[in-house]
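Fold the following.
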Amino acid sequence: MHEIDLRRAAFGDQRSPDVLPVAGSPRRRLLGAIVLGARGRYAAAAALLAGLVRDRDPVVASLALSTRASHCRQLGGHGVARGLDGAALRPASSAGPGADPDGLDAGGALADALLGLAADHLGTGRLTASRRVLERAGEAAARNWRTRVRLGWVTAELALASGDAPAATAPAEAALEKATAAGSVRHVVKSRLVLAAALGAAGHKRRAGDLVSGALATAEEYDLSSLSWPAGLIAADLRPADADRHRSRTAAVLHAVLLSSDPEGRRLARESPWVPV
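Got it, this is the predicted structure:
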């Protein structure tokens, strides 16, 4: 699979093949790890990232650390992710200038580390710390579409965690708009889920249900298992009549994800209050 196709699978509209490359340039391996993580194949992703977190290119090293942190966070390991995101700050801060359309550059690496830290604090209930880091992340995140989308997610999630569902809607809407304009299937799916959670919490159940149904269908079509099981949980909450079906499907997807995770990932999921293991 060529690097341009890997990039389209990570940040565009291409469905990744069942077999992904595990060799090649550091950028190629990083993209492969991102795609593997999106599919919930965390053990394979971790194996690729292990050789990249000390890469001599500080941008690659930082992005590898942030990517590993994201995978830990997806399995409920916000505390472990916080250490990885913190470690990602140093190489990102020392990287030279550069520009990448999807934020695989120094600015994007810095934004990823800060946004990851904000999400980590949020997941461990440290809302004030999350808010402070999010303010720092704003300027760095404004430099490319991908980090602007992520800024919208974390801003909306922080508002929800703070009990202000109406305030979560605007940043979630903006994230969906930016992801749609960029043509990134994965980011559109996640944006729909964030917006559905915001709308559902604000009492707009019908539109929230439609959003999560579309997100779930797309996640299954593109084999985005890392998003399929959270989508199923949100769908179960929004559509009580179909809750048992959604929870049963979610359990099956999550079981497959955990089978494809490394031992550390399975441990994080078992110990997490967020993952219904």
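
Which helix or which strand is home to the closest residue to Ala243 other than its chain neighbours?
Closest residue to Ala243 apart from its sequence neighbours, by Cβ to Cβ, 6 or more residues apart in numbering: Ala236 at 4.2 Å. Bear in mind the C-beta positions are built from the backbone N, C-alpha and C, glycine included. Using DSSP states H and E, Ala236 sits in helix 225-238.

residues contacting the spatially most central residue of the chain?
Nearest residue to the geometric centre of the chain (Cα atoms, centre = their mean): Ser70, 6.0 Å. The contact partners of Ser70, taken as Cβ atoms under 8 Å, 6 or more residues apart in numbering, are 37, 81, 116.

circling back to that earlier point, need the next SSE after the helix holding Ala236, C-terminal direction.
That would be, after helix 225-238 and using DSSP H and E, helix 243-259.

Restricting to C-alpha, output the next helix or strand after that following helix in PDB.
Scanning forward in sequence from helix 243-259 by DSSP H and E, the next helix or strand is helix 263-271. Extracted in PDB, the C-alpha atoms of helix 263-271 (Å, rounded to 0.1, in the frame of the first residue of the first chain):
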ATOM      1  CA  PRO A 263      -1.700  -7.000  27.300                       C
ATOM      2  CA  GLU A 264      -1.300  -3.400  28.500                       C
ATOM      3  CA  GLY A 265      -4.300  -2.300  26.500                       C
ATOM      4  CA  ARG A 266      -6.500  -5.100  27.900                       C
ATOM      5  CA  ARG A 267      -5.400  -4.200  31.400                       C
ATOM      6  CA  LEU A 268      -6.400  -0.600  30.900                       C
ATOM      7  CA  ALA A 269      -9.800  -1.600  29.600                       C
ATOM      8  CA  ARG A 270     -10.400  -3.900  32.500                       C
ATOM      9  CA  GLU A 271      -9.500  -1.200  35.000                       C
END
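
Just the buried positions in helix 263-271, please.
Residues 264-266, 268-269 are the ones in helix 263-271 that count as buried (16 or more other Cβ atoms under 10 Å).

taking the mean pLDDT, what do you get for that helix?
Mean pLDDT, helix 263-271: 96.

and Ser191, how many neighbours does it have?
By other Cβ atoms under 10 Å, 27 other residues sit near Ser191.

quick revisit: burial count for the residue nearest to Ala243?
Ala236 has 19 nearby residues by other Cβ under 10 Å.

Same question for His2.
Neighbour tally, His2, other Cβ under 10 Å: 10.

cool, and Ala165?
By other Cβ under 10 Å, 18 other residues sit near Ala165.

ok, now which ones touch it?
Contacts of Ala165 by Cβ under 8 Å, 6+ apart are 159, 198, 201-203.

most neighbours, which of those residues?
Most neighbours among these, by other Cβ under 10 Å: Ala198, with 26 neighbours.

Give me the pLDDT value at the residue nearest to Ala243.
So Ala236 comes in at 95 (pLDDT).

How about the contacts made by it?
With Cβ under 8 Å, 6+ apart, Ala236 has these contacts: 242-243, 246-247, 250.

Can you tell me the SS state at the residue nearest to the centre of the chain?
Using DSSP: H, G, I helix; E, B strand; the rest coil, the structure places Ser70 in helix.

Got the confidence number for it?
pLDDT recorded at Ser70 is 98.

what do you get for Gly76?
You'll see Gly76 listed with a pLDDT of 96.

Contacts only, for the spatially closest residue to it that is not a sequence neighbour.
Nearest non-adjacent residue to Gly76, counting by Cβ to Cβ, 6+ apart: Ser272, 2.4 Å away. By Cβ under 8 Å, 6+ apart, the contact list for Ser272 reads 75-77.

so which of the residues you listed is the most crowded?
Leu75 (29 neighbours).

okay but that residue is in contact with Pro263, surely?
No - contact criterion Cβ atoms under 8 Å: Leu75 and Pro263 do not qualify, at 11.6 Å.
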